[in-house]
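model the structure of this input:
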Amino acid sequence: MSNQGKLRKIIILLGIVLGILEAYLVVNGNWQVAFGILVLLPGFIFLHKYPWLALAIWLILDPFLLLTVTGAERRVYWIIHRAVPVLAVMVILVSSALQIKKRQLPKLGWIELAMAGYLCLSIFSVWTSNEDPLATTYLLYDRVFIPMCLYLVARFTITDEQSLKRLLPVMFFISISQAAIGILSWSFPGLLPPEWLTKQGRTTGSLVNPSVYTATITFTGLLVLHAALSKDDNSSTERKLGRGRFFQAISIITFCIVIYCIFISFSRASWVAGILVLLGLFPLYPKFMTKLSFVGLCAIALLGGWLLSSQIQWAQERLNSAESERSALSRLPVFYAAYRMFQLKPVFGWGYGNFDQYDRQFQARVADLANDNKDHASHNLYLTTVAEQGIVGLALYMAPVVGLFIATLKVFPKLPKSGFWSRKLLIIFWFVILSFFIVNNFSNMRVVFGLGMWWITLGLIANLVSVNQYKMVYAKAEKRAGASLMDFHLPSTLRTSK
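A predicted model of the protein is given here:
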């Protein structure tokens, strides 16, 4: 039976089943559920044909649904964040299993197994140690399961250069929209919803948290810049993408705006991450970064005492004021509490989501610092994880990062030195991971969009590494056989990035 015949029979069967279910739900007054199911079949067909759009939809819409006010907004959030990534993974797997669409899926390995292990450990932890396991399971679904689904969507669909370039307009949109919200929150706050305004003198855009804000625009800004500065061998591809002076100018301006928005985040951890990323760009693009630094210093010298005076003054207060010092030192008792919690339960910890419940029992005066006797929140993702889930949980959570870094070291010499799909792109992705790692040491990442971006980045790194590993294996076989095996056996999704 042909693939089209299989798909037609599946659609007819689903139509009959869903029709009966729709009638039952409408009769019982559950019209909202009925409407959701009604769009399920068209959604299945749409994602079957364009599965990568699930990633684009989530990236575009989810930032604006993190703080919902009305019930309607909340329902849209349920669809976009909680349903679309899962549906996309299901469609991809079903299509591949039934051979409805000829799609060679990347081979998963121990990295994905570690992810599954962390998810299972977290579920077990919730249901054995949490006072409200059902509510915490919802949090686990949003913060762990959905981000891992996004990893799989990226892993299955962004497998070569062309598929990644499809997301460039999305990267532009995120950079510009979040930059505009961030700047407006300082200049014309009345134009924005109250929940998007600056919190405690820091810029968050629509992303709730300054760390999530800066890590996100770092990702999008770097990818836009790399697309502008990379030189592809295929000139026709460059023309289709609108390459040239105009494209480069827009990309560079976008990147400069991103740098400015990292500054006005007034998050010290984000400043450290931004500075390290900028320094890391010098070896990649020495001429461009030298020119950009010169222009940037001139702009600061000319505008610093005029347009940026109030922001520079606030930045100095964030660094040197007594309040800033107290804010930084107040985190030490919480860090010490996490350490003491780990000492008592080092293997599996105190349970997923239980840090805030037990940390007060372990807080104590650190050195000569005065204890303000306040219940401070955790400001370190990794200390929180090791306190809640022990060394086993932290090891499983960090295993994909360590594994991909080792794979990167092995594959890196084999990657092209220039071009879009090259060593530089891989380094760019690791700069994003570095940015997340730095800010996560000063905040407990709980915003679902930030967690999703973390896993999407890891998925893109896994594809860039594994695709080239795949090609290396076939290249060795080709040499042994003396024939062009790659032309006949390499999946089409990999053949395009040869």
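
what average pLDDT does stretch 220-227 get?
Taken as a whole, stretch 220-227 has a mean pLDDT of 95.

could we number from 8 for the rest of this?
Okay, residue one is now 8; in that scheme the one you just asked about reads as stretch 227-234.

next one: that stretch to chain centre, how far?
Centre-to-centre, stretch 227-234 and its host chain are 15 Å apart (CA atoms, centre = their mean, to the nearest Å).

contact partners of it?
With CB atoms under 8 Å, 6 or more residues apart in numbering as the test, stretch 227-234 has contacts from 172, 174-175, 178-179, 181-182, 248, 258-259, 261-262, 265-266, 284, 427, 431-432, 435, 438-439. All C-beta spots, glycine's among them, are computed from the backbone N, C-alpha and C.

any of these buried? List them.
Buried subset of those (neighbour count, 16 or more other CB atoms under 10 Å): 172, 174-175, 178-179, 181-182, 258-259, 261-262, 265-266, 284, 427, 431-432, 435, 438-439.

narrow these to those in helices?
Using DSSP state H, 172, 175, 178-179, 181-182, 258-259, 261-262, 265-266, 284, 431-432, 435, 438-439 are the members of these that sit in helices.

for stretch 278-296, C-alpha coordinates in PDB please.
Taking Å, rounded to 0.1, in the frame of the first residue of the first chain, the C-alpha atoms of stretch 278-296 are listed here in PDB:
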ATOM      1  CA  TRP A 278      26.800  41.400  32.100                       C
ATOM      2  CA  VAL A 279      29.500  38.800  32.900                       C
ATOM      3  CA  ALA A 280      28.000  36.400  30.300                       C
ATOM      4  CA  GLY A 281      27.700  39.200  27.700                       C
ATOM      5  CA  ILE A 282      31.300  40.300  28.200                       C
ATOM      6  CA  LEU A 283      32.700  36.700  27.900                       C
ATOM      7  CA  VAL A 284      30.600  36.100  24.700                       C
ATOM      8  CA  LEU A 285      31.900  39.400  23.200                       C
ATOM      9  CA  LEU A 286      35.500  38.500  24.000                       C
ATOM     10  CA  GLY A 287      34.900  35.000  22.500                       C
ATOM     11  CA  LEU A 288      33.700  36.600  19.200                       C
ATOM     12  CA  PHE A 289      37.100  38.200  18.600                       C
ATOM     13  CA  PRO A 290      38.900  35.000  17.500                       C
ATOM     14  CA  LEU A 291      35.900  34.100  15.300                       C
ATOM     15  CA  TYR A 292      35.500  37.500  13.600                       C
ATOM     16  CA  PRO A 293      38.600  39.500  14.400                       C
ATOM     17  CA  LYS A 294      38.200  42.300  11.800                       C
ATOM     18  CA  PHE A 295      34.500  42.800  12.400                       C
ATOM     19  CA  MET A 296      34.800  42.800  16.200                       C
END
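
for it, give the mean pLDDT please.
Mean pLDDT, computed over stretch 278-296, is 95.

show me what counts as buried in that stretch.
Neighbour-count burial for stretch 278-296, counted by 16+ other CB under 10 Å, picks out 278, 280-281, 284-285, 287-288, 291-292, 295-296.

from the chain's centre, how far out does that stretch sit?
Stretch 278-296 has its C-alpha centroid displaced from the chain centroid by 21 Å (CA atoms, centre = their mean).

again with stretch 134-142
Using CA atoms, centre = their mean, the offset of stretch 134-142 from its chain centre is 27 Å.

now do the strands in the stretch 8-157 of the chain.
In the stretch 8-157 of the chain, no strands are found when defined by DSSP state E, counting those that start in this stretch.

got any ranges where it has weak pLDDT?
Residues of the stretch 8-157 of the chain that meet the criterion pLDDT under 70 lie in 8-18, 21-22, 25, 29, 31-51, 107-110.

which residues touch the residue lying closest to Ala63 once chain neighbours are set aside?
With CB to CB, 6 or more residues apart in numbering as the criterion, Ala63 has its nearest non-adjacent residue at 5.1 Å, and that residue is Val177. By CB under 8 Å, 6+ apart, Val177 lies in contact with 63, 66-67.

what's the pLDDT at Val354?
pLDDT, Val354: 95.

how close does it sit to Gln396?
9 Å (CB to CB, to the nearest Å).

between the two, which one's more packed in?
Gln396 (28 against 10; other CB atoms under 10 Å).

is it true that the more buried one touches Cys127?
No: assessed by CB atoms under 8 Å, Gln396 is found out of contact with Cys127, at 11.8 Å.

anything in contact with each of the two?
Common contact partners of Gln396 and Cys127 (CB under 8 Å, 6+ apart): none.

circling back: and the buried residues of stretch 278-296, which of them are in helices?
278, 280-281, 284-285, 287-288, 291, 295-296.

those residues: which two are farthest apart?
Trp278 and Phe295 (21.8 Å; CB to CB).

quick one: Phe179 and Arg162, what's the gap?
With distances taken as CB to CB, Phe179 is found 23 Å from Arg162.

now do Ala345
Using CB to CB, Ala345 is found at 32 Å from Arg162.

now for Val151: which residues touch it?
Contacts of Val151 were listed using CB under 8 Å, 6+ apart, and they are 125-126, 129, 458.

who wins on neighbours among those residues?
With neighbours taken as other CB under 10 Å, the top of the contacts of Val151 is Ser129, carrying 25 neighbours.

so it touches Gly400, yeah?
Yes: at 7.3 Å, Ser129 counts as touching Gly400 under the criterion of CB under 8 Å.

what touches both of those two?
Jointly contacting Ser129 and Gly400 under the rule CB under 8 Å, 6+ apart are Tyr359.

list the buried residues in stretch 416-434.
Of the residues in stretch 416-434, 418, 422, 426-434 count as buried by neighbour count, 16+ other CB under 10 Å.
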